[in-house]
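Okay, here's the prediction I keep looking at, along with the sequence it came from:
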Amino acid sequence: MFLQTLVTGLSIGGVYALMAVGYSLVFSILNFSNFAHGTIIMLGAYVGYFIISNLKLGFTFSLVGAIIGAAILAVLNVKLAYTPLINRRASSLYLMITAMGVSIFLENMVYVTVGSHFYSFPEIFKQTSIKFFNSDISPLDLWALVFSFISIYGLHLFLTKTKLGTAIRAASYDMTIASLNGVNMSRLISVVFILAGSFAGLAGIFLGIKYMVYPTMGWITNKAYIAAVIGGLGSLPGAVIGGILLGVIETFVSVYISSTIRDVFSFSMVIIFLVFLPAGLMGRHLEEKV
Amino acid sequence: MDYILGVIAVICIETIATVGLAVFTGFTGLFSLGHAAFMAIGAYTAAILTYFYNAPFILALIAGMIMSGLISIILGFPTLRAKLRGDYFAIATLGFGEAIRVILENMSITQGARGLPGIKHYTTLPVAIFFAVLVLWLTKNFIWSKYGRNAIAVREDAVAAEMAGIDLFKVRMLSLIYSAMCAGLAGGLFAHYLNFIQPVMFTSILSTRLTSAVVAGGMGSITGPVIAVALFIAVPELLRVANMWRLVAYGLILVLIMIYRPSGIMGYHELSFEAIKNLLRWISRGKTAGRKEM
């Protein structure tokens, strides 16, 4: 029972981490809470679903298509909605409200054009579960976990080993000084949103397979915000640790205490962390800078 | 006609919540994404009192306001004391709002997610207008009081205000309590207007709408947010024919306002007879100036 709970928690945590990484990446550069991230995840899931069920191209194409589609949407999002505000050096709260506007706009656009149906992916992973030390693991959960770790590790390598990655890390410390040192900021922001969008597409596919594809599925990203707060906003290792921790704790709370209290528990955790440990487990920002 | 009067009543009710939030967001400079929770607390407190205990309407409204105020202290005491950065505070209020909604969905006295049907219809149009005018008048006086001026100082520059001897925590806390009580009042009126409440009515979508009304109306204006609320409610009602498109339009308008008119509809100005007179004078002067050039 314990092991079963742990494995379920880990697999949920893996998807949370996937969502939180994209969100944290944007936060680390632009310092604002991108509430449109969940909507991009939802759109990525739709792209993946239509490729696999209408074009019948198979899972690999669906995965790649969702990643590319979500990345393009994320770049369009930043070019059309955020760039005018970034160029004006608007306060991050304005960006946050714009992000909410974008998310309301896109979500309802999907309602109007595609409709509010629930779509379920065709069976991709076998339903039979794998036995592992007396506990059942579904292949989907296992793949979700593996994909999360591979892609997050890939992102880690990109950020630490390449020139562009170094520029991103520099900009997350200080944007002005990074741009003084010759980093092209508008290109860098596009790259960051391409990365965040790809992660959103990946998360969208796995969420779509695990639950279903519907217009408000992006709301589960609220959990990713919580994960990012726990790990420390803007910190990538923090997002991974926060996501997995949240997934595991949530599963334990719903199994051992009560499933209704689970969401209250997660949401109060945000407030507790922000009050007592605003930098999270791995973050660095503290009080408002002057 | 009844329909138009109904829309006006809803505008009056949401005006109350938005004007309260204008004190907190527009004048004190803190963003909240959880004020729907205060509306929910006010609505449920008032509705439970009149529904189960047959309490008088006015007492139920006051109880709802007090309840919202008390719970805002629970939220505000740790978060405002910790002097969270603006966006961290907003995320904390988002978490708070969702937590309150989930709690309401799982309590027995609120009848959970099914909601409370058959609440008595006490909120008539005159009642809604009376309370809206009362809150507007109170808010105007609040802004021009010592606390209001302190709040504006805190919004403009918190560090400078603190240096000048203003207690940041106290000012922010007072604004939060005031805005929560306004939201609680609006919630109580709302419950007795619709005769039915459900936790799902008070999601973060409502919180976003309240905050965006303040921002779109103009930070630092009382009448601006009122205009914005009226637009946010009346324009979608006009678009009823294109029912599905109204929320699309709302999202788009919000983004466009942020991009092209970040200071909001009214900016820092107020809509008053004086302002209208100045505007007319400016228009007529513009016309005569144009003629001279010709």
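In hand now; what should we look at?

contacting residues for A:Phe273?
A:Val229, A:Ile230, A:Gly280 (C-beta atoms under 8 Å, 6 or more residues apart in numbering or on different chains). (Each C-beta comes from the backbone N, C-alpha and C, glycine too.)

repeat for B:Asn195
B:Pro117, B:Gly118, B:Ile119, B:Lys120, B:His121.

Including neighbour count and pLDDT, could those go into TSV?
As requested, these are arranged in TSV below (neighbours: other C-beta atoms under 10 Å in any protein chain shown; pLDDT from 0 to 100):
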residue	neighbour count	pLDDT
B:Pro117	11	84
B:Gly118	9	81
B:Ile119	21	83
B:Lys120	14	83
B:His121	10	85
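
Give me the subset of those residues that lies in helices.
Among the contacts of B:Asn195, none falls in helices (DSSP state H).

what's the closest of the residues you listed to chain A?
Nearest to chain A, judged by C-beta to the nearest C-beta, of those is B:Pro117 at 22.0 Å.

What does B:Met108 show for phi and psi?
Slight slip there: residue B:108 is Ser, not Met. Per-residue torsions, B:Ser108: phi -80, psi -30 (degrees, to the nearest 10).

So what's the residue count around it?
B:Ser108: 6 surrounding residues under other C-beta atoms under 10 Å in any protein chain shown.

can stretch A:74-82 be found next to chain B?
Yes - Stretch A:74-82 comes into contact with chain B (C-beta under 8 Å from any C-beta of the partner chain), by way of A:Ala81.

Buried ones in that stretch, by neighbour count?
Residues of stretch A:74-82 classed as buried: A:Ala74, A:Val75, A:Asn77, A:Val78, A:Ala81, A:Tyr82 (neighbour count, 16 or more other C-beta atoms under 10 Å in any protein chain shown).

contact partners of that stretch?
With C-beta under 8 Å, 6+ apart as the criterion, stretch A:74-82 contacts A:30, A:36, A:40, A:95, A:98-99, A:101-102, A:189-190, A:193-194, A:196-197, A:200, B:255, B:259.

And the helices in the stretch 51-200 of chain A?
With DSSP state H, counting those that start in this stretch, the ranges of helices along the stretch 51-200 of chain A come out as A:59-77, A:83-87, A:92-113, A:139-161, A:163-173, A:175-180, A:185-210.

Dump the ones you listed into CSV; add mean pLDDT as well.
Shown next, in CSV, are the helices of the stretch 51-200 of chain A (pLDDT from 0 to 100):
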stretch, mean pLDDT
helix A:59-77, 90
helix A:83-87, 85
helix A:92-113, 87
helix A:139-161, 85
helix A:163-173, 86
helix A:175-180, 84
helix A:185-210, 89
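
Centre of the chain to the top helix by length along chain A, how far?
Longest helix of chain A, by residue count under DSSP H: helix A:2-30. Mean-position distance between helix A:2-30 and its chain equals 8 Å (C-alpha atoms, centre = their mean, to the nearest Å).

the inter-axis angle of that helix versus helix A:185-210?
Taking axes from the mean of the first three to the mean of the last three C-alpha atoms, to 10 degrees, one finds that helix A:2-30 is oriented at 160 degrees with respect to helix A:185-210.

ok, is helix A:2-30 in contact with chain B or not?
No - in terms of C-beta under 8 Å from any C-beta, no part of helix A:2-30 sits within range of chain B; the closest distance is 9.0 Å.

in terms of contact count, name the helices or strands touching that helix.
helix A:37-53, strand A:135-137, helix A:139-161, helix A:163-173, helix A:185-210, helix A:221-231, helix A:236-256 (3 or more C-beta pairs under 8 Å, 6 or more residues apart in numbering or on different chains; DSSP states H and E).

buried sites along it?
Buried, per 16+ other C-beta under 10 Å, within helix A:2-30: A:4-5, A:7-30.

Please go through the contacts of A:Phe273 and note which also touch chain B.
Counting by C-beta under 8 Å from any C-beta, the members of the contacts of A:Phe273 that reach chain B are A:Val229.

quick revisit: find the one among the helices of the stretch 51-200 of chain A with the highest mean neighbour count.
Across the helices of the stretch 51-200 of chain A, averaging neighbours per residue (mean count of other C-beta atoms under 10 Å in any protein chain shown) puts helix A:185-210 on top, at a mean of 24.

Show me how far that helix is from its chain's centre.
Distance, centroid of helix A:185-210 to centroid of chain: 8 Å (C-alpha atoms, centre = their mean).
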